[in-house]
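*Asks:* mind folding the following:
(one chain, ligands or ions: 1)
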Amino acid sequence: MKVLVVGGCGYIGSHTVVELLKNGEEVVVVDNFSNSKRDVLDKIKKITGKEFTFYEMDATDKEGMRTVFEKETIDSIIHFAGYKAVGESVSKPLLYYRNNLLSTIVLLELMKEFSVKRIVFSSSATVYGAPEKLPIRENAKISTTNPYGETKVMCEKILSDFVRVNPGYEAILLRYFNPIGADESGLIGENPNGIPNNLMPYIVKVANHDLECLHVFGNDYDTPDGTGVRDYVHVTDLANGHILALQKPLEEGVHIYNLGTGEGYSVLDIVHAFEKANGVTVPYVIEERRPGDIASCYADITKAKEELGYLPNKTLEDMCRSAWNFVKTETKTEEK
Ligand code: UFG
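*Replies:* Below is the predicted model:
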């Protein structure tokens, strides 16, 4: 099977490319390095010992993307090429709508032109907004509070409308919860530029003394210790969810799956697990709640388990250890 991975050099994309190659699939990667680094390409080759084809291209560039479809006989697409910073999406809404919507439309137009029947789309638990019931099932109410979330809801709608009128085509929408951790090699992982927005990259920088202390956004939520609860999933388990989605026999229409672990952990659970797993300290201070945050969010993953055979098996300790291993490996490489 030849898989086109659009946005294959980013955090989740690169881990998915690694798992695809390990599974013996043929992979074509497209990326424009807008939020990733070129050296990821060599690192993927080093981890897997396998070759793949790469095109440096913007997924919204239809003519450019058409040349990829002309050269490669693609069986399936995985679309990771979306901007993902919630705060930035509020200040730059058009950038988010343009990139995230247009890339999806371009891919669908080219799928139609070249009869590529299946697309797997990176969606997010953000589409559930403030959930009414926990754990969250795929049929829960959809609502969003920021342009980033809107783009996920709109792309899901565009994909659904497309497959509804195109018999034989399938869209698989994977709603990610909170991916953390890194490949066990320590070569690829999450390393955002500047001050991180997300919890794990921030903790890692505090542990590495790049930042002074973690700011815990609120300890007065209705949760066991008052801090926010999320469903953290190891990025390699998440990546494997994509492989399983592609291995499933093609079934026309839309198929939606939650990808998390089904377990909720609080901010302080994560801090303490990180300290214990890595023998480091992570100083923190309690701050005001972050606007837009919710108390708790965790998945019901029954559907992915039953229909895809999805079985996340990495522990919270694995997640914490691998996230730290990645930063230590990177620091060592930079020092050389
Ligand atoms: N948190 C802190 N301090 C920080 C960063 C985060 O206390 O410096 C807390 C948050 O308040 C929240 C938890 O840690 O309780 C997780 O926050 P993240 O920013 O890591 O993740 P979110 O759950 O807010 O958002 C993530 C992705 C979104 C996605 C969403 C889906 O960043 O893109 O999950 O559930 F939409």
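
*Asks:* could you pull out the strands in the stretch 51-200 of the chain for me?
*Replies:* 53-56, 76-79, 118-124, 170-176, 178-180 (DSSP state E, counting those that start in this stretch).

*Asks:* for stretch 129-140, what is the average pLDDT?
*Replies:* For stretch 129-140, the mean pLDDT works out to 97.

*Asks:* buried set for that stretch?
*Replies:* Of the residues in stretch 129-140, G129, P131, L134, P135, I136, R137, E138, A140 count as buried by neighbour count, 16 or more other CB atoms under 10 Å. To be clear about C-beta, it is placed using only N, CA and C from the backbone, and glycine gets the same treatment.

*Asks:* what's the pLDDT at the spatially closest residue to F217 that is not a sequence neighbour?
*Replies:* Once flanking residues are discounted, F217 sits nearest to R290: 3.9 Å by CB to CB, 6 or more residues apart in numbering. pLDDT recorded at R290 is 95.

*Asks:* could you check how far R290 is from Y221?
*Replies:* Distance, R290 to Y221, by CB to CB, to the nearest Å: 11 Å.

*Asks:* what do you get for V285?
*Replies:* The value you get for V285 to Y221, if CB to CB is used, is 17 Å.

*Asks:* the residue in the stretch 151-300 of the chain that the ligand sits nearest to: what's it in contact with?
*Replies:* Distances between the stretch 151-300 of the chain and the ligand by CB to the nearest ligand atom are smallest at G228, namely 2.3 Å. With CB atoms under 8 Å, 6 or more residues apart in numbering as the criterion, the residues that contact G228 are F217, G218, Y221, S266, V267, D293, I294, A295, S296.

*Asks:* selection in ChimeraX covering whichever of those are buried, please.
*Replies:* To isolate the buried ones among the contacts of G228 in ChimeraX, judged by 16+ other CB under 10 Å, type:
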select :217,218,221,266,267,295,296
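
*Asks:* in TSV: the buried residues of stretch 129-140, plus distance to the ligand.
*Replies:* Formatted as TSV, those follow (distance: CB to the nearest ligand atom, whole Å):
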residue	distance to the ligand
G129	10
P131	10
L134	13
P135	13
I136	9
R137	15
E138	14
A140	12
